[in-house]
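J.: below is the structure, and that's it, no one-letter string:
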């Protein structure tokens, strides 16, 4: 569902491509916010062709009153009953820290320069491209004096700098949402004689380790934000 503003009627939109082009959407009772979910990319080589999927596996992520830091979806792949969202912007955010695990700057580069992102709604592609194309507008920025560390983010941490969709999309509980982050095989880089790269040279590797002695298992967390205007069902 693509929305177009009605001239001279602030807050009112028409569903230009829907079944009823005369339907009027009133966004005056919406608020700005995000729906989000997080995936984990573990330490070590990433097999080329691997795909990580957002918004599907919610098991154990909802922490109730403690705060839903990793996802705020309650229904797999969908908004909750009574919720609506006018989707305006898509963003990826790589977590700088998870407990005592701190991704190295090269981990940020590995993800944003080697991964490909897609967002599908009801199986229809909404947007796609290299991960670097999807800054969230969130994140830290600046310099640190930590050994082997630095503050890295996708773009400038300002929501105004994040690209917006050409057409706003209206989502509700009937829409199935799927975001994917894939590490393509990029076979053209290993073809030829001699090849441009060896297969080992183009294999992404995540280096993050937990700052414990001995080092323990760790991963880089990537959060997919869907930003726009939200209308949430009120309690009785």
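T.: Received, thanks. Bear in mind the structure is a predicted one, so any value in this text is a computation, not a measurement. Numbering: from 1, shown residues only.
J.: quick one: the spatially most distant residue from the centre of the chain from residue 202, how far?
T.: Distance from the C-alpha centroid of the chain peaks at residue 193, with 38.0 Å (C-alpha atoms, centre = their mean). Taking C-beta to C-beta, to the nearest Å as the measure, residue 193 falls 17 Å from residue 202. For the C-beta atoms, the positions are set from N, CA and C on the backbone; glycine is no exception.
J.: give me phi/psi at the residue farthest from the centre of the chain?
T.: phi -140, psi 100 (degrees, to the nearest 10).
J.: and residue 166, how far from residue 25?
T.: Applying C-beta to C-beta to residue 166 and residue 25 gives a distance of 18 Å.
J.: and the residue farthest from the centre of the chain, what does it touch?
T.: Listed by C-beta atoms under 8 Å, 6 or more residues apart in numbering, residue 193 has no contact partners.
J.: so how far is whichever strand or helix holds residue 220 from its chain's centroid?
T.: Residue 220 belongs to strand 219-231 when assigned by DSSP states H and E. Strand 219-231 sits 5 Å away from the centroid of its parent chain (C-alpha atoms, centre = their mean, to the nearest Å).
J.: which helices and strands sit right next to that strand?
T.: strand 31-42, strand 84-94, helix 105-114, strand 177-182 (3 or more C-beta pairs under 8 Å, 6 or more residues apart in numbering; DSSP states H and E).
J.: give me that answer again for 6 Å
T.: The contact analysis (3 or more C-beta pairs under 6 Å, 6 or more residues apart in numbering; DSSP states H and E) places strand 219-231 against strand 31-42, strand 84-94.
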